[in-house]
Each structure stands twice: as C-alpha cells, then as structure tokens.
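*Asks:* Prediction below, plus the sequence it came from.
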Amino acid sequence: MTENGSAKAHAAWISTVVEEVLEPELPILDPHHHLWLDEGHTGWPYTLHDLHNDTGSGHNVVGTVFLECRAQYRTDGPNHLRPVGETEFVTELAEKSASSSGAEIKAIQAHADVSLGAAVEEVLEAHEIAGRGRFRGVRYITAQNDHPPLAMPSSAVMNDSGYLDGVRRVGDLGYTYDAMVYHPQLAEFVDVAQACPQTPIVLDHLGGILGTGPYKDQRGQILEEWKAQMTKIAACSNVFLKLGGIGMPMMGFRWDKRDRPANSVELADAWSDPIQFAIEVFGSERCMFESNFPVDKRGAGYVPLWNSFKRISASYSADEKTDLFHDTAARAYRLPLLAEN
C-alpha cells in the first residue's frame, strides 16, 4: 500500500530527530503496538512493514505483543464475533513475522465485549482458534470522558455486574485482561481489580493521565491524585502496569504540534517522576515499558522513545531492567522469560 501525503509528511517530520541507540544489546519485548490497513487512529496505515521499520531501527526488539485497535473486523455474522476478524488478520501477519528477519509478533490481545458476562466465553474460544497459539486475552476499553476529543466508543460502566462477570471469566479461562481508563476513573478501576482478584489485569498507558481540555495546566494536582490512586491499585497483586502512552496528545504534551518531535531527553524529563513513582509502588516485576506505536509515534520516533525509557531506568539494576524491558510483559502474556529463551 502506498503512503498517503500525510504519512509521508509525518515520516519526514519524525526523521528530523536522530539519536544513537542507548544500550543497544538490551532485549526488549514491546508489549503494546497496533496494526491497521486504513487510517486507524493516526490518519495513515500502519502495516507489518512499518512495524518492522520501527522495531528494526536499532533497539534489540526480540518480540512484540499486538493490542486490539478495531482493525479488519468481520463484516458479517453475529456482532459479538466480528472482532475475531482482527485476530485472523493479525495471526497471518504474526506468522509472516516469525519467518522474517524482523521482530516476531508473539502474542495477541484481541477485543471482546466482556459485558456479555459468562457468554463472553464463546468469543474467547473463537479468538483462541483464530490465534493459532498466539491469543493471550482481550482488551475492553472503559475510558470515557465528556470532553469530545477524548471520546471513546460506548462501553459498560465498570460496576456493571455483567462486565465484572466477564472480566472474571477472562481470568477463569486462563487469559489476561487489558484495561484502558482515564485517570479520573482510577478509583472505579480499583474496585474492578479488587472484585476480580483471579484475573491478571494489565492497566494501559500509566492509567491515562490526561492533560488536555479541562485537565490542561493542572498537572501538579492531577499527579498527586494519580499517585494516591496508583498506590491503591498497586496493592492489588493481580494488576500489571504499562509505562507508556507518553507520546499521545491526550497526555498534555503536544509534541505533535512542534516543529520537531520530542527527543529522548525531553521525554525523560517530562515523564521520569510518574514513571519512577509507578515502578517504586508496583515493583519492576509488575511494570513494563511499552511503545504504543504508532499512536505514540504522533509525538516521537521509536529510537528516541525507547532511549527515554532507558534514560529513566538508568540507575536500575540489571535484573530490574530485565523485568521492565522484557520479563514483566512475558509474565503478563505467558511468554518465555529471557532465561528460558
């Protein structure tokens, strides 16, 4: 597929920041990226070729995990099974990646309407078949906000009994549940984590720290509230945390509006405090760095983004870095640890 004009312009903009790769031998399991053939969430396609261009740009990316993004759904059949088309689409690309020289897509987090309660089992079984060994669980986004640019597809409320039954069923069947909320909803998320203690839950994007619209210029107060809620969430031993999403405009740093993208020093300066706090309260064994590409690519390139994570974790031990860059994601998605490879 040929690039459209906006894609070419964005690629040229991203290329204006060039950095030497820090710690180039450090193995990375990138636990959060997307793929789509249409305009997706950025305005241009993001294909396996694009993914491999990014993951092959210098860092030692040894594998990746695909996260649902409503791509290539089935166009017919029961509505609740249409998301299985995305798993079918990604499975084919994952198998191609395994026989290529690029990073292998080792796991798939698909979409299922968990508000179906126990009936979500039919969807999980269909994903399992379609994933041919790579299906690891589902994400169901409950992020909601009245500010229009933060709008998300409608979802069940987090105290809905059907939703909670569905999250529990995901765990009962041995799968992982990815959650995406905004920071004003973190108190509700605490209740979910406590109500579903047997389900491994991965909280995406640092818990969705908003910095736009009604949350603009309130970062200090927001981070204090965020830290209080994250401490409560960290007390739930079934919750993992993804450290990323820092290139998204909703986080309040409009890297995408600048003449040049963010470099790794700028990213690290902006995000060291919340990320290091999260690692302190959760422990490295429950935290994982994520690219969130190509969504975070709106603000920074792949090399600067991972360089920023390496800067933020520079004082951590080798074992802690193994967790943060590979093994925590491997545990969350039931993949081999580095020592097992």
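*Replies:* That came through, no problem.

*Asks:* all contacts plus neighbour counts: C-alpha atoms, from now on.
*Replies:* OK.

*Asks:* So which residues of the stretch 51-200 of the chain form strands?
*Replies:* Under the criterion DSSP state E, counting those that start in this stretch, the stretch 51-200 of the chain contains strands at 60-67, 105-111, 135-139, 176-179.

*Asks:* and the first one with strand 135-139, angle?
*Replies:* Orientation of strand 60-67 against strand 135-139 (axes from the mean of the first three to the mean of the last three C-alpha atoms, to 10 degrees) gives an angle of 60 degrees.

*Asks:* CA-only coordinates of strand 60-67 in CSV, if you can.
*Replies:* Extracted as CSV, the C-alpha positions of strand 60-67 are listed here (Å, rounded to 0.1, in the frame of the first residue of the first chain):
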residue,chain,number,x,y,z
ASN,A,60,17.1,-5.0,20.3
VAL,A,61,13.4,-5.8,20.0
VAL,A,62,13.1,-9.6,20.3
GLY,A,63,9.3,-9.8,20.1
THR,A,64,6.1,-7.8,20.3
VAL,A,65,2.5,-8.0,21.6
PHE,A,66,-0.3,-6.8,19.4
LEU,A,67,-3.2,-4.9,21.1
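
*Asks:* out of the strands of the stretch 51-200 of the chain, nearest to Ile312?
*Replies:* Nearest to Ile312, of all these, is strand 60-67, at 17.6 Å by C-alpha to C-alpha.

*Asks:* buried set for stretch 253-273?
*Replies:* By neighbour count with 16 or more other C-alpha atoms under 10 Å, stretch 253-273 contains the buried residues 253-256, 261-265, 267-268, 271-272.

*Asks:* Same question for stretch 139-159.
*Replies:* Arg139, Tyr140, Ile141, Thr142, Ala143, Gln144, Ala156, Met158.

*Asks:* State the distance from the residue nearest to Arg298 when sequence neighbours are not counted to Pro249.
*Replies:* Using C-alpha to C-alpha, 6 or more residues apart in numbering and skipping residues adjacent in sequence, the residue nearest Arg298 is Asp256, 5.6 Å away. The spacing between Asp256 and Pro249, counted by C-alpha to C-alpha, to the nearest Å, is 7 Å.

*Asks:* Give me the common contacts of the two.
*Replies:* Arg298, Gly299 (C-alpha atoms under 8 Å, 6 or more residues apart in numbering).

*Asks:* hang on, the earlier thing: please settle this for me: is the residue nearest to Arg298 part of a helix?
*Replies:* Yes - assessed with DSSP: H, G, I helix; E, B strand; the rest coil, Asp256 lies in a helix.
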